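Undergrad: Generate a structure from the sequence data that follows.
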Amino acid sequence: MMSRQVLRRFYSTIPSSSSSPSPVRRTGRKILFMVVASTVVAGAATYGYVSWSNRPSSSDCSTIVSAHSGQGKPKLVILGTGWAASEIIRKVDTQIYDVSVVSPRGYFLFTPLLASSCVGTINFTSVAEPLRNFCTRNNSTISYYSAVCEQVDYANNSVVCSETSSIDENRSFKLPYDYLVVAVGSVTNTMGVKGADEFCYPLKSLDDAMNIRKRIISCFESASYPNRSPAEIDRLLHFVVVGGGPTGVEFSAELHDFLREDANRFYPKELTDRAKITLVQSADHILNTYDLKISEYAEQQFARTGIKLITQARVMSVSADTITVSSKVDKSTSVLPYGMCVWSAGVQPNPLVFSLKNSIEAQKHERALVADEFLRVKGIPQQNVFAVGDCVTINQKKMIDDMERLFKQADINNDGSLSVGELNAFYTSKSIRDMYPQLQSYVHGVAQLIAEHDINKDGVIDFDEFKALLSTVDKNMKSLPTTAQCASQAGKYLSGVLNDIAKNPNITVAPFRYAHRGSLAYVGGEKAVLDSRAYSGGGWIQWWLWRSTYFSQQVSLRNRISLLVDWA
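TA: Purely as a prediction, here's the structure:
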C-alpha cells in the first residue's frame, strides 16, 4: 500500500491537495516522533535558533521622509512574491496603505524544500501557498495582478506591466505608486556556457521541480525499453548536478534517497543498480560557504552513498546527451554522457533589475542594482523606491568612514591613543559589532590585529595606526548572502519601516542589519548539517532540526499539516 502511495506521488506532476504520504523509508516510530516533536518541540528548538536579531545603535539612524503628499491612502506597489515580498505582504498595515502586488507567480514558494518536491518526498502543494490567501487576510484588500513588470518609471512614480493571462497576453497597464518595493528575485546564471540554457534544468521554481520530476520519469521509462544497449542505459540513468552549493547538494541527496530506497520498488533492479549521480563543483569543496568541517562531513556522506564528486572543475559545454568538464588543476577535459543535468551553479538579476539599474545615472557603471542601508535604491531623488532580496546589493557601512567618531568613542581616557584594553572593549561592544558586521571575524583575534598595526611597537594605537587598522577590517566586509533567510529579514525590516513612516512622515529609523542565524542543509540518508556561530556539525539530530526548523517556518496551517502528512 505504501509503495503505491509513493509511486502515485512521484508520478504526479500536477499539484493536488489530495496527494498522499511520503516515502517508504519512514518507519512508524519516526512517524510518531515527527508528529509529536515537530508540533511540540519545534517552536522551542527554533526559538533558540532563529528568534534573536541584531539592533543597531541610534547614532547610525537616518530620517526617512514620507513620499505621500496626496489624498487618501498612500499607494504601495510590491513587485514579486518571494521571501522578502511575502514578508511585506503579510505584515504591512493595509489599513494605512493601498497595496498592489505584481508578479507572474501567484503563490509563495518555500524554496528550502523545493528539492524534496522533485522526487516526491513531499507534494508540490506542500511548498506553495496561494498569494490570494495573503491578500484576504484579516479582511485586508490587497490587489494582486498576474503580470510582469517591464519598466519602472521612477520619474513619474509608476510601473508599466504586461499581463500574463492566457486570455490577454499582450495587453499592458500602468500602476502609479507612492512607494515601490522591487523584490523580483534572480534567475539562473549559466555563465555563458554553450548549451547550458538549452539542455540543463534549473531549480528555482515549482515549474522547474515539475520538469525535473518528469525528466527523471522519462529517463527511467526510456531506459526500460527492450532495445536499449547497456551504454545507452548507463547514459540515461546518469544524473549530473552542476553546482555544489546548498541547492545542488540537497537535490543530489534527495535524488540519491529516491534512487536507492524508492525507485527499486518501481523499476527492475538491473536498472536501478545502474543509476548514478555526479556533482560538478568549481570550488575545492562542496558547501564551500560553510565551515570546512561541514564541507568535509558532506563529502564523506556523499562518498559513503556513492555520489561522485568532481571538484575544482568547470563546465565547458553541454550538448543534448553529454557534458564537457575541464579540470582547473591539470587542465584536462572529460566528457560525461548524461540523461539529465540540473544546473544550480549561480544566479543573476532578472532583466527588469538590469533595466532599472541602467536607467539610473548613478548606477550605470555598477555590476548590480545597489541600495543603501535603509534598502532605498541609490540614485533615485524621491527616495521612494526600495529593493530587497537577491535582486539587489546592499551597501554596508564602512568603519573608515566614521573613523574620527569611532576613535573618540574608543579613547575612554581621552589621551589620544588606544590601549589594548580600550580596543578590546571597543571591538567586543555589541552595539559596535551590530553596526559593523565586518567586525565579527575579529572578535576573538583583536590582540593579533593590534600587534600587526602597532607600527612603532609602543603598545598603543595612535590615530594613523587606527586608520590603517579600520581599513584592514573593512576589507573583510562581505556581501550579504542571497538566501531566503536574508531576504526574509529584509522584508520584515522594510514592512516595519513602511508602517512607521506612514504614521510619522519624518521618522528616524535604524538601518537594516542582517543577523546570520545559521545554515542548514540535507545531505541524504536522514542526515543534515548545521553551520552556526555556536555550533557546527552533521548527523541525525541535525536532520531533525532541519525538519523542525522548516516546519515551524511554514506560512500557513495548511502547509504544516500537509508537510506532516508527507513526512509521515
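
Undergrad: Just give the closest residue to Asp257, not the sequence neighbours.
TA: The spatial neighbour of Asp257 that comes closest, neighbours along the chain excluded (C-beta to C-beta, 6 or more residues apart in numbering), is Gly524 at 5.7 Å. Any C-beta I mention is one placed from the backbone N, CA and C, and that applies to glycine too.

Undergrad: Bridge partners for that neighbour, pull those for me.
TA: Lys527 (DSSP bridges).

Undergrad: what's the pLDDT at it?
TA: Gly524 is assigned a predicted lDDT (pLDDT) of 95.

Undergrad: Report the contact partners of it.
TA: Neighbour list for Gly524: Ser252, Ala253, Glu254, His256, Asp257, Gln301, Phe302, Thr305, Ile307 [criterion: C-beta atoms under 8 Å, 6 or more residues apart in numbering].

Undergrad: who wins for most neighbours among the residues you listed?
TA: In terms of neighbours by other C-beta atoms under 10 Å, these top out with Ser252 at 31 neighbours.

Undergrad: ok, how many other residues are close to Leu406?
TA: Leu406 has 18 nearby residues by other C-beta under 10 Å.

Undergrad: That one touches Val473, doesn't it?
TA: No: at 10.6 Å, Leu406 does not count as touching Val473 under the criterion of C-beta atoms under 8 Å.

Undergrad: shouldn't Ser495 be in contact with Ile96?
TA: No: look at Ser495 against Ile96 with C-beta under 8 Å: they stay out of range, at 11.2 Å.

Undergrad: Comparing the two, which residue is more hemmed in?
TA: Set Ser495 next to Ile96 and count neighbours by other C-beta under 10 Å: Ser495 wins out with 20 against 16.

Undergrad: Could you tell me whether the more buried one really is in a helix?
TA: Yes: Ser495: assigned to a helix according to DSSP: H, G, I helix; E, B strand; the rest coil.

Undergrad: Might you report the residue contacts of the closest residue in space to it that isn't next to it in sequence?
TA: Leaving aside its chain neighbours, Ser495 sits nearest to Lys91 (4.0 Å; criterion: C-beta to C-beta, 6+ apart). Applying C-beta under 8 Å, 6+ apart to Lys91 gives the contacts Gly491, Lys492, Ser495, Gly496, Asn499.

Undergrad: And for Phe108?
TA: Phe108 neighbours (C-beta under 8 Å, 6+ apart): Thr81, Gly82, Ser86, Ala128, Glu129, Leu131, Phe134, Val555.

Undergrad: got those residues as a markdown table, with neighbour count columns?
TA: Output for the contacts of Phe108, formatted as a markdown table (neighbours: other C-beta atoms under 10 Å):
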| residue | neighbour count |
| --- | --- |
| Thr81 | 25 |
| Gly82 | 24 |
| Ser86 | 25 |
| Ala128 | 22 |
| Glu129 | 20 |
| Leu131 | 20 |
| Phe134 | 21 |
| Val555 | 15 |
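
Undergrad: And these, which is closest to Glu452?
TA: Set against Glu452, the nearest of the contacts of Phe108 by C-beta to C-beta is Gly82 (42.2 Å).

Undergrad: The spatially closest residue to the closest one that is not a sequence neighbour: neighbouring residues, count only.
TA: Distances taken as C-beta to C-beta, 6+ apart place Gly185 nearest to Gly82, at 4.8 Å, with adjacent residues excluded. As a burial measure, Gly185 scores 28 neighbours (other C-beta under 10 Å).

Undergrad: show me what contacts Gly185?
TA: So Gly185 contacts Gly80, Gly82, Asn350, Gly389, Asp390, Cys391 (C-beta under 8 Å, 6+ apart).

Undergrad: what's the answer for Ile78, then?
TA: Ala85, Ile88, Ile89, Val99, Ser100, Val101, Val102, Val181, Ala183.

Undergrad: who's the fifth one bridged to?
TA: Each beta-bridge partner of Ser100 is listed here, defined by DSSP bridges: Val77, Ser143.

Undergrad: re earlier: of the contacts of Lys91 - the most surrounded one?
TA: Going by other C-beta under 10 Å, Gly491 tops the contacts of Lys91 with 28 neighbours.

Undergrad: gap between the helix or strand containing that one and the chain center?
TA: According to DSSP states H and E, Gly491 maps onto helix 484-503. Relative to the centre of its chain, helix 484-503 is centred 17 Å away, using C-alpha atoms, centre = their mean, to the nearest Å.

Undergrad: for stretch 249-262, same thing?
TA: The answer for stretch 249-262 is 21 Å, by C-alpha atoms, centre = their mean.

Undergrad: Looks to me like Ser562 is in a strand.
TA: No: looking at Ser562 with three-state DSSP, it is helix, so not inside a strand.

Undergrad: That one touches Ser126, doesn't it?
TA: Yes: counting by C-beta under 8 Å, Ser562 sits close enough to Ser126 to count as a contact (4.2 Å).

Undergrad: These two: who's more crowded?
TA: The neighbour comparison of Ser562 against Ser126 (other C-beta under 10 Å) goes to Ser126, with 27 against 20.

Undergrad: ok now do that one, which residues does it touch?
TA: For Ser126, the contact set (C-beta under 8 Å, 6+ apart) comprises Phe110, Leu113, Ser117, Asn559, Ser562, Leu563, Asp566.

Undergrad: Any idea how far apart the tips of stretch 388-406 sit?
TA: 29 Å (C-alpha to C-alpha, to the nearest Å).

Undergrad: Now that stretch: average pLDDT?
TA: 87.

Undergrad: which neighbours do Leu406 and Val473 share?
TA: Contacts common to Leu406 and Val473, judged by C-beta under 8 Å, 6+ apart, are Met399.

Undergrad: can you put the contacts of Gly524 in TSV and add secondary structure and pLDDT?
TA: As requested, the contacts of Gly524 are exported to TSV (DSSP: H, G, I helix; E, B strand; the rest coil; pLDDT from 0 to 100):
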residue	secondary structure	pLDDT
Ser252	helix	98
Ala253	helix	97
Glu254	helix	97
His256	helix	96
Asp257	helix	95
Gln301	helix	96
Phe302	helix	97
Thr305	helix	94
Ile307	coil	97
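
Undergrad: which of the residues you listed lies closest to Asn384?
TA: For these, the nearest to Asn384 is Glu254 (42.5 Å; C-beta to C-beta).

Undergrad: hang on, isn't the closest one packed against Ala115?
TA: Yes: at 4.9 Å, Glu254 counts as touching Ala115 under the criterion of C-beta under 8 Å.

Undergrad: So what's the residue count around Arg90?
TA: Neighbourhood size, Arg90 [other C-beta under 10 Å]: 18.

Undergrad: try the one 3 residues further on
TA: One way to gauge burial is a neighbour count; for Asp93, by other C-beta under 10 Å, it gives 16.
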